[in-house]
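A.B. asks: model the following, please.
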Amino acid sequence: MLRELLGKRRRERSALLSAALACAQWNWPVVPGAGLDRWACTCSCGRDDCPLPGAHPDPPAAPDGSGRSPGTTGRPPILAATTDERMVRWWWSRFPDAPVVMATGRRVAALSVPEEAGIRAMGQLRMLGVRTGPIVAAPGRYAFLVAPYALDELADLLDRYGLDRYGAVPFTLRCHGDDGYLALPPSRVPGGPLRWIEPPVGEAVPGAPAPWLPHVSDLVRTLVDTCHSVTQVRRSA
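C.D. replies: Have a look, this model is predicted:
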C-alpha cells in the first residue's frame, strides 16, 4: 500500500514538472502556485477565505522589504513567471507538488466561464465550424485559451456582444489577460485535478511551435451568449 502511494506521488510530481517544462518550451511563462495542504485540502497560503485555493501565485513581496507577506508560501510571485527551463526545474525541485500557474497576457490569454456555459459554447462553436484552442476544465468552470489581446480590443467586443445586445456584460465571464494568471492541468484544486477538455496541440520540444490559439473575436460572442442563456435559465427556474 505504501509503495503504491509513493509511486502515485512520484507520478503526480513528474506530471507537474513535465507540464511546467512544456509551457516553457512553448514560451508560456509559469511559476509554481501556492498549492494545497495535502491532508487538510486547504490552500497553503493560509487564508481561510482564499477564493482560488491552491490555484494562485504568491503575492509580491511585502512593502517593508521582508520579502514575504503574512500567510504567503514563499514561492515566486506572478511577476517572476519564466520560460527558462533551468529555473523551472529548480522551482519544481523545491516545490514538487506545486500547481502550474501560467502568467497570461504576454504569450497567451484566456476567457473562462461557468462549466454549463462552457459545455454549451463548445457545442455551438462546433456547429458553427469554429475551431477552438486548448480548453481547461476546473471544478465548475471552463477556460478557453486564446491568443493575447489588447484590452481596448476586448472592451469593444464586449460592448458589441454584451452591452449592445443584452444591456450588460455577463458577470460570470472572466478575462485572463495582461497581469493575469491561470492554473493549468494537472494542477490539483479542491474537487480534484484540473484537466484538458481540448489539449494543446504541439510538441513540447526545443524549436517546436507553440500550440495554435484562436483570436479572441472567434469565441467571445458565443461565450457571452451562453453565459447569458445559463443565467436566464437559472433565474427562471
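A.B. asks: need the contact list for the closest residue in space to Arg174 that isn't next to it in sequence.
C.D. replies: With sequence-adjacent residues excluded and distances taken as C-beta to C-beta, 6 or more residues apart in numbering, Arg174 is closest to Ser112, at 4.6 Å. The C-beta positions use only the backbone N, C-alpha and C, and glycine is treated the same way. With contact taken as C-beta atoms under 8 Å, 6 or more residues apart in numbering, Ser112 is in contact with Gly118, Ala138, Arg141, Tyr142, Ala143, Phe144, Leu173, Arg174, His176, Leu182.
A.B. asks: any idea which element the residue nearest to Tyr166 when sequence neighbours are not counted lies in?
C.D. replies: In space, and not counting its chain neighbours, Tyr166 is closest to His228: 5.4 Å by C-beta to C-beta, 6+ apart. Following DSSP states H and E, one finds His228 within helix 216-236.
A.B. asks: just checking the distance from that helix to the centre of its chain.
C.D. replies: Counting by C-alpha atoms, centre = their mean, to the nearest Å, helix 216-236 is centred 20 Å from the centre of its parent chain.
A.B. asks: so which bits of stretch 22-33 are buried?
C.D. replies: Ala22, Cys23, Ala24, Gln25, Trp26, Trp28, Pro29, Val30, Val31, Pro32, Gly33 (16 or more other C-beta atoms under 10 Å).
A.B. asks: redo those as JSON lines? Include distance to Asp218 and pLDDT.
C.D. replies: Shown next, in JSON lines, are the buried residues of stretch 22-33 (distance: C-beta to C-beta, whole Å; pLDDT from 0 to 100):
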{"residue": "Ala22", "distance to Asp218": "24", "pLDDT": "94"}
{"residue": "Cys23", "distance to Asp218": "23", "pLDDT": "95"}
{"residue": "Ala24", "distance to Asp218": "27", "pLDDT": "94"}
{"residue": "Gln25", "distance to Asp218": "25", "pLDDT": "92"}
{"residue": "Trp26", "distance to Asp218": "20", "pLDDT": "93"}
{"residue": "Trp28", "distance to Asp218": "20", "pLDDT": "96"}
{"residue": "Pro29", "distance to Asp218": "24", "pLDDT": "97"}
{"residue": "Val30", "distance to Asp218": "25", "pLDDT": "97"}
{"residue": "Val31", "distance to Asp218": "28", "pLDDT": "97"}
{"residue": "Pro32", "distance to Asp218": "32", "pLDDT": "96"}
{"residue": "Gly33", "distance to Asp218": "29", "pLDDT": "94"}
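A.B. asks: how about those, which pair is most distant?
C.D. replies: Farthest apart among the buried residues of stretch 22-33 by C-beta to C-beta are Gln25 and Gly33. That separation is 19.4 Å.
A.B. asks: surely Glu198 touches Ile135?
C.D. replies: Yes: counting by C-beta atoms under 8 Å, Glu198 sits close enough to Ile135 to count as a contact (4.2 Å).
A.B. asks: the two: which has the busier surroundings?
C.D. replies: Neighbours were tallied for Glu198 and for Ile135 using other C-beta atoms under 10 Å; the higher tally belongs to Ile135 (20 against 17).
A.B. asks: residue closest to the middle of this protein?
C.D. replies: The residue lying closest to the centre of the chain (C-alpha atoms, centre = their mean) is Leu182, at 2.4 Å.
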